[in-house]
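Student: requesting a structural model of the entry that follows:
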Amino acid sequence: MPITAADIQLASRLADAAGAAIRPYFREEQGLEIKADHSPVTRADREAEAAMRKLLDAEAAGDGVIGEEYGEKPGVTGRQWVLDPIDGTRSFTVGRAIFGTLIALVEDGWPLLGIIDQPVQRERWVGVAGRPTTFNGRPTRTRTCAQLEGAVLATTSPHLFAEGDVPHYMALVAAASGGHTRQGPVYGGDCYNYGLLASGHLDIVVESGLQLYDFAALVPVVEGAGGRMCDWNGDPLTAASAGHVLAIGDPARTDDVLEAIRATAGHTH
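Tutor: Below you'll find the predicted structure:
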């Protein structure tokens, strides 16, 4: 089923509801807890996801829902709303406005609609399969990148990579920086980096260990802005993907990026 104007409007209202729940807690008491997987969660995470689920229960009751905080609700339509109320909770808890709310609509495992919403700065990227990505309502585009050396690469933190992934990440860093430490990666940012890439401020974002709710919304945003999203083997990202994620602003650099990240590879992901 193609994405409709009503789907986009509902997704935007989900982002509005999440933002209204999140903003009062920014740089205020948040009720921080540490979950069993050692990741942080706050009242804002839970209240934002609850607000989005309430809207979906009222207006898209037949669709499935997958959320970071409240798990999976089965649906009957083949469509799933995939929610991450605060992607970048660590940044949120220390008062850095580079976290975001992620909302995706996935059909048969394929992300077809995505929103990256930064509720404090009131910045919103909206991506829909087959349509140009918008930033605050206006079309936005990735930038060209003539060669891999000198490309601006970002990741949230290399400490989040599994040990076996680190050599591959470092090989990509070396290729992009040309060995010059002053041209090293940009750290921090979570989903915000993908919005910046979609708007032409970064060239490459690389992550591993992501869940569906971490990456589903990013795919339509980046690809609708002219970029490419894939796993570390170059395969498209779907609900079945393992969580090794690449965003490449200029698709012409895809083979270069994949060659670099495989440089120390004795196995695939």
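Student: for this structure, which spans come out with low pLDDT?
Tutor: Under the criterion pLDDT under 70, the flagged ranges of the chain are 181, 264-269.
Student: which positions within the helix or strand containing Ala21 qualify as buried?
Tutor: In this structure, Ala21 sits in helix 5-22 according to DSSP states H and E. For helix 5-22, burial by neighbour count (16 or more other CB atoms under 10 Å) applies to Asp7, Ile8, Leu10, Ala11, Leu14, Ala15, Asp16, Ala17, Ala18, Gly19, Ala21, Ile22. The way it works is simple: take the backbone N, C-alpha and C, and place the C-beta from them, glycine included.
Student: adding distance to Met52, write the residues you listed out as a markdown table.
Tutor: Formatted as a markdown table, those follow (distance: CB to CB, whole Å):
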| residue | distance to Met52 |
| --- | --- |
| Asp7 | 14 |
| Ile8 | 15 |
| Leu10 | 10 |
| Ala11 | 10 |
| Leu14 | 5 |
| Ala15 | 8 |
| Asp16 | 10 |
| Ala17 | 6 |
| Ala18 | 6 |
| Gly19 | 10 |
| Ala21 | 9 |
| Ile22 | 11 |
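Student: identify the farthest-apart pair in the residues you listed.
Tutor: Asp7 and Ile22 (22.5 Å; CB to CB).
Student: give me the contacts around the helix holding Ala21.
Tutor: The contact list for helix 5-22, computed with CB atoms under 8 Å, 6 or more residues apart in numbering, reads 44, 47-52, 54-56, 59-60, 81, 83, 85-86, 92, 101, 103, 105, 113, 115, 117, 119-120, 122, 124, 126, 128.
Student: after it comes which helix or strand?
Tutor: With DSSP H and E, the next secondary element past helix 5-22 is strand 33-34.
Student: and that following strand, what does it pack against?
Tutor: strand 40-41 (3 or more CB pairs under 8 Å, 6 or more residues apart in numbering; DSSP states H and E).
Student: ok, now which ones touch Ala198?
Tutor: So Ala198 contacts 125, 127, 133, 135, 140-142, 221-222, 224-225, 227, 249 (CB under 8 Å, 6+ apart).
Student: so what's the backbone phi/psi at it?
Tutor: phi -60, psi -30 (degrees, to the nearest 10).
Student: spatially nearest residue to it, not counting backbone neighbours?
Tutor: Nearest in space to Ala198, with sequence neighbours left out and distances taken as CB to CB, 6 or more residues apart in numbering, is Ala225 at 3.8 Å.
Student: quick check: that neighbour vs Ala146, distance?
Tutor: 18 Å (CB to CB, to the nearest Å).
Student: these two: who's more crowded?
Tutor: For Ala225 versus Ala146, the count of surrounding residues by other CB atoms under 10 Å is larger for Ala225: 26 against 10.
Student: surely the more buried one and Val126 touch.
Tutor: No. In this structure Ala225 lies outside contact range of Val126 using CB atoms under 8 Å: 10.5 Å.
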